[in-house]
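> Sequence and predicted model, in that order:
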Amino acid sequence: MKCFVTGASGFIGANLVQELVARGHTVRALLRPGANLAGLAGAPFERIEGDITEKSDDLARRMEGCDWCFHVAASYSLWMPDYEPMFRSNVLGTQKVIRAAFKAGCSRIVYTSTVGCIGLPREGMADRLVPTDERTQVSEAQMSNPYKLSKWQAEMAARDLARQGAPVVIVNPSAPIGPRDVKPTPTGQVVVDFLNRAMPAYLDTGLNFVHVRDVAVGHILAAERGRLGERYILGNAEGNWTMQEMLQRMAGITGIPAPRMRVPHAVALGAAHVSEWISKVTRKPPRAPVAGVRMAKYKMWFSPNKAVTELGLPQTPPQQALEDAIAWFRDHGYIRRR
């Protein structure tokens with residue numbers, strides 16, 4: 001298949017391109033001028049310079065001849081001086097890309113959403129948290145920060161276009177981890193900080209960790225087998241870990257002691273407010289934004305059963321994902337000390 005990919009220089013996008021090429025597909029990647037192509041090293045692809053907020057007709061011309069469209073690009077930040085560009089990119093950009101791919105005749109359009117658009121776990125028997133799935137409904141009012149709200153509105157736009165006939169399949173990745181995390185992502189930054197012994201304490205939170213390669217494969221499986229208009233959590237059934245468990249596992253892999261001090265959420269939230277107040281003056285992002293601390297109060301645990309059952313989503317052990325991430329960061333100069 002000939003595939004059009006937006007966001008190809010990002011963490012998921014780069015791994016998706018690598019996986020598409022490895023499976024014999026050809027890739028046309030929409031990239032901004034000056035995009036960091038480190039994650040795409042070694043992968044042959046056709047580069048198209050542009051932006052997802054261009055006119056849909058112009059985007060459609062760039063997609064001519066493509067069979068599949070993967071819309072991975074998104075603006076991700078938990079703090080910005082002005083959030084209008086984020087909404088323009090995430091919401092308007094999604095509408096334009098899907099309309100353009102529909103007009104260009106793509107047989108499948110895979111839109112990359114987030115598990116932030118799915119309801120949080122609830123307490124079950126013995127006060128144990130029950131991971132949620134695609135059926136757990138939330139409302140726009142529950143989107144607690146501009147990033148989640150923009151992605152929610154973008155997913156709603158994708159669903160609406162699917163109802164109008166666009167061949168859209170939605171995927172909701174959890175917390176990917178693994179190689180080619182060039183920027184790195186917030187999860188990858190935790191790994192880097194741990195390896196650099198720059199993490200004296202941690203917050204009591206939880207995420208669903210999944211190998212980024214499985215997420216990339218999940219996108220391809222969604223194009224091959226996904227039901228139109230449906231959404232699929234791309235996560236790992238064994239990946240629902242607390243932050244403490246993640247740190248302990250990294251300690252076991254590296255021999256570096258895991259931090260023992262847990263910061264109370266109230267203390268972290270107060271520090272985040274101070275940090276954001278300083279950011280308003282300096283215009284530089286805060287180290288720990290308020291939105292991030294508020295999100296950390298909840299354990300974002302999910303079940304990928306639907307994607308495993310319907311798509312055949314692989315379930316690489318999250319331990320392997322951590323090992324691969326650590327090896328990649330070490331091999332690519334992210335660690336200041338051995």
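Cool, got the structure. Predicted model, so just to flag it, every value in this text is computed and none were measured.
> Run through the helices of the stretch 201-338 of the chain in chain order.
Secondary structure of the stretch 201-338 of the chain by DSSP state H, counting those that start in this stretch: the helices cover 212-225, 243-254, 265-282, 290-296, 305-311, 318-331.
> isn't Tyr232 right up against Ala222?
Yes: under the criterion of CB atoms under 8 Å, Tyr232 makes contact with Ala222 at 6.1 Å. The way it works is simple: take the backbone N, C-alpha and C, and place the C-beta from them, glycine included.
> Overlap in contacts, the two.
169, 171, 311 (CB atoms under 8 Å, 6 or more residues apart in numbering).
> which one among these gets closest to Gly292?
Nearest to Gly292 among the shared contacts of Tyr232 and Ala222: Val171, at 23.1 Å, using CB to CB.
> Between the helices of the stretch 201-338 of the chain, which one is closest to Ile177.
The nearest among these, by CB to CB, is helix 318-331 at 4.6 Å.
> next one: that closest one to chain centre, how far?
Relative to its parent chain, helix 318-331 has a centroid offset of 17 Å by CA atoms, centre = their mean, to the nearest Å.
> what's the answer for stretch 7-27, then?
Here the centre of stretch 7-27 is set off from its chain's centre by 15 Å, with CA atoms, centre = their mean.
> What average pLDDT does that stretch get?
Mean pLDDT, computed over stretch 7-27, is 98.
> Pull out the buried residues from that stretch.
By 16 or more other CB atoms under 10 Å, the buried positions in stretch 7-27 come out as 7-21, 25, 27.
> Can you show me the strands along the protein?
Ranges of strands in the chain, per DSSP state E, are 2-6, 26-31, 46-49, 68-71, 108-112, 122-123, 129-130, 168-173, 175-177, 201-202, 206-211, 231-234, 240-242, 261-262.
> now for the fifth one, which elements pack on it?
For strand 108-112, the elements it packs on are strand 68-71, helix 93-104, helix 146-163, strand 168-173, helix 212-225, judged by 3 or more CB pairs under 8 Å, 6 or more residues apart in numbering; DSSP states H and E.
> Please name whichever of these is nearest to Met86.
Among the helices and strands packed on strand 108-112, helix 146-163 comes nearest to Met86, with 5.4 Å by CB to CB.
> what sits against the residue nearest to the spatial centre of the chain?
Note on the chain: the residue nearest the mean C-alpha position is Pro173, at 5.6 Å, using CA atoms, centre = their mean. By CB under 8 Å, 6+ apart, the contact set of Pro173 is 12, 112, 114-115, 210, 215, 218, 233-235.
> Which one of these sits in the busiest neighbourhood?
Of all those, the highest neighbour tally under other CB atoms under 10 Å goes to Gly235, namely 34 neighbours.
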